[in-house]
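# this one's sequence-less:
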């Protein structure tokens, strides 16, 4: 806000006395839903039902995106109004909870494999590419939110996963969802994911190999040092 206040005071000094206070809508949204990172202006408006074409920046005749202060002001007022509604506040909280499950606030993006620590994991597939309804961690978190997953993501374009706190939760999910038919016609196949031990074994073997390499390098360095000392006394 410092840049805005500086601009106003220099270009429109007479308007400054009209302001008694200022508020950052991101701070207000953060107070409503403290979990995670608050999405930007356009993303927030989409959460509250605004169509993308109404909030997307207009294109200049030259082809670039136009930054229009009037559009920004209207969008900001729309967001301020939307945040007053309790239904929208619940939508924001839900989005933040799903974001935490999908781990969208980490730097790591794209496909990933469940951690070794995720002992209770279920994989989801359809026999082909994942349908649009569940082809990302965020969509998986929203679609299966009622099962209280700990995390969600995609291992490939054909396989998704959810992790749970307990084996009972995972088994309950598998019993309820395996064989379910989506609205688009795809059948869901759910299986318990038992690759933890394989991953652990792989990591153990890698660590053993690293130790062997370090030992070989140490021995080689020792031999060089001995040869050098031998030359000194030759």
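Arrived safely. As the structure is a prediction and not an experimental result, all values here were calculated from the model.

# Could you report the neighbour count for residue 30?
16 (other Cβ atoms under 10 Å). No exception for glycine: its C-beta is placed from N, CA and C like everyone else's.

# wait, doesn't it sit right on residue 38?
Yes. With contacts counted by Cβ atoms under 8 Å, residue 30 reaches residue 38, the gap being 5.4 Å.

# Distance check, residue 142 against residue 133.
Using Cβ to Cβ, to the nearest Å, we find residue 142 at a distance of 9 Å from residue 133.

# The two: which is more packed in?
Under the neighbour definition other Cβ under 10 Å, residue 142 and residue 133 were set side by side, and residue 142 has more, 19 against 14.

# what about that one, helix or strand, and which?
Following DSSP states H and E, the helix or strand that holds residue 142 is helix 137-143.

# quick one: average confidence on that helix?
Averaged across helix 137-143, the pLDDT comes to 94.

# Same question for stretch 70-77.
Rounded to a whole number, the mean pLDDT of stretch 70-77 is 83.

# I'd like to know which elements the helix holding residue 142 is packed against.
On a contact count with 3 or more Cβ pairs under 8 Å, 6 or more residues apart in numbering; DSSP states H and E, helix 137-143 meets helix 86-102, strand 151-156.

# Looking at the ones you listed, which is nearest to residue 9?
Each of these was scored for nearness to residue 9 using Cβ to Cβ, and the closest is helix 86-102 (33.3 Å).

# what inclination does the closest one have with respect to strand 151-156?
With axes from the mean of the first three to the mean of the last three Cα atoms, to 10 degrees defining the directions, helix 86-102 sits at 50 degrees from strand 151-156.

# Can you pull out the residues in contact with helix 86-102?
Where contact means Cβ atoms under 8 Å, 6 or more residues apart in numbering, the residues beyond helix 86-102 that reach it are 29, 32-33, 35-39, 44, 47-48, 82-83, 105, 136-138, 140-142, 145, 149-153.

# tell me the secondary structure for the closest residue to residue 177 other than its chain neighbours?
Once flanking residues are discounted, residue 177 sits nearest to residue 190: 5.1 Å by Cβ to Cβ, 6 or more residues apart in numbering. Judged by DSSP: H, G, I helix; E, B strand; the rest coil, the three-state class of residue 190 is strand.

# isn't residue 190 right up against residue 170?
No. In this structure, residue 190 sits apart from residue 170 without contact. The criterion is Cβ under 8 Å, and the distance is 9.3 Å.
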